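K.L.:
After the sequence you'll find the predicted model.
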Amino acid sequence: MVKAIRIHQVGGPEVMALEEVTVPPPGDGQVQIRQTAIGLNFIDVYHRTGLYPARLPLTPGLEAAGEVIAVGEGVTTLKVGDRVAYGTGPLGAYSAVRNAPAKRVAKLPHLISDETGAAMMLKGLTVSYLLHDTYKVEPGQTILFHAAAGGVGLIACQWAKALGATVIGTVGSPEKAELARAHGCDHTIYYTRENVAERVREITNGEGVPVVYDSVGQATLEASLDSLRPRGLFVSFGNASGPIKSLDLMELSRRGSLYATRPGILHYMAKDEDLARHSAGLIDMVASGKVKIEINQRYALADAAQAHRDLEGRKTTGTTILIP
């Protein structure tokens, strides 16, 4: 028996309970991982609340790192003792031990610790597909990234900077502005007291940006659209302030024949070869030091409910991990 967080009904953080579960031997194509660190992500909140439906009861979490302790039939790429990490699930990461498909797991080099591996995969893979596939960021471009001091934001600022872009980031406090600038953000905008679109126009000499990356949702929709240049792309990849209820397509035309997309990591990483490509690129960026992963909060797995409260209350910066 091992400890795991279980959810029997959707709701607030209080629906998560630490329970003992039985983990069977790994099946064909699977590895069994003794997990040493688990990543906390906003998508975990969406599963807990039912915004993203999942079969109940469930163990939440899509990201973790640890050591392979058993391999199933047909697994040739990993062996017992390998240090590994994953960031696209399947669900079940909030557990001391779990089975996972070997093809969805990446081997960690010695330069990357378990904690870093658990903190970087889902967020880093998200940044990778956003900057390379959803919209290919080119040197010399200026982009807007909301929540620049968050876990995804800090990685994105560094990665976009490494690509040669100028990064404008929205933040909620002077402390978060300082953190974002320390990670490559060129211009910070206080979304609580500044007009985001006006500041973006000032920074870009009235032109606007070709792409806005927005994980906030409803609260920043208007600012995002108004910050784009004609034929710019609005990338909505999260709902921290609540989901966007409606988007009038005529507004896209009125604001300059804009584009809008709602990407999801599971679609971009559906093929094993795409996951392997993005994982290799992420590992290279982190191992080289071009992208540094900030782990600013650590909670015991038993305190997952408090971790969710702090995440939803915007009390966290960088990345957060749970320790089994």
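P.N.:
Received it, and whenever you're ready, just let me know what you need.
K.L.:
can we go C-alpha only for contacts and neighbour counts from here?
P.N.:
Will do.
K.L.:
With Leu58 as the reference, measure out to the closest residue to Ile5 other than its chain neighbours.
P.N.:
Of all residues not flanking Ile5 in the chain, Leu18 sits nearest, at 4.5 Å (Cα to Cα, 6 or more residues apart in numbering). The gap separating Leu18 from Leu58 is 12 Å, by Cα to Cα, to the nearest Å.
K.L.:
Need the residues touching each of the two.
P.N.:
Shared contacts of Leu18 and Leu58, defined by Cα atoms under 8 Å, 6 or more residues apart in numbering, comprise Arg6.
K.L.:
Near the residue nearest to Ile5, how many other residues are there?
P.N.:
18 (other Cα atoms under 10 Å).
K.L.:
now Ala270
P.N.:
The number of residues packed near Ala270 is 12, by other Cα under 10 Å.
K.L.:
Who are the packing partners of the longest strand seen in the chain?
P.N.:
Counting residues, the longest strand found in the chain (DSSP state E) is strand 30-40. Using 3 or more Cα pairs under 8 Å, 6 or more residues apart in numbering; DSSP states H and E, the elements in contact with strand 30-40 are strand 64-71, strand 97-101, helix 114-129, strand 319-323.
K.L.:
and if we set it to 10 Å?
P.N.:
strand 64-71, strand 83-86, strand 97-101, helix 114-129, strand 295-300, helix 304-312, strand 319-323 (3 or more Cα pairs under 10 Å, 6 or more residues apart in numbering; DSSP states H and E).
K.L.:
want to try a markdown table for these, with mean pLDDT as columns?
P.N.:
Formatted as a markdown table, the helices and strands packed on strand 30-40 follow (pLDDT from 0 to 100):
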| stretch | mean pLDDT |
| --- | --- |
| strand 64-71 | 98 |
| strand 83-86 | 98 |
| strand 97-101 | 98 |
| helix 114-129 | 97 |
| strand 295-300 | 95 |
| helix 304-312 | 96 |
| strand 319-323 | 95 |
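K.L.:
in the longest strand of the chain, what counts as buried?
P.N.:
30-40 (16 or more other Cα atoms under 10 Å).
K.L.:
Let me see the ranges of the strands in the stretch 151-300 of the chain.
P.N.:
Ranges of strands within the stretch 151-300 of the chain are 166-171, 187-190, 209-214, 228-236, 259-261, 295-300, based on DSSP state E, counting those that start in this stretch.
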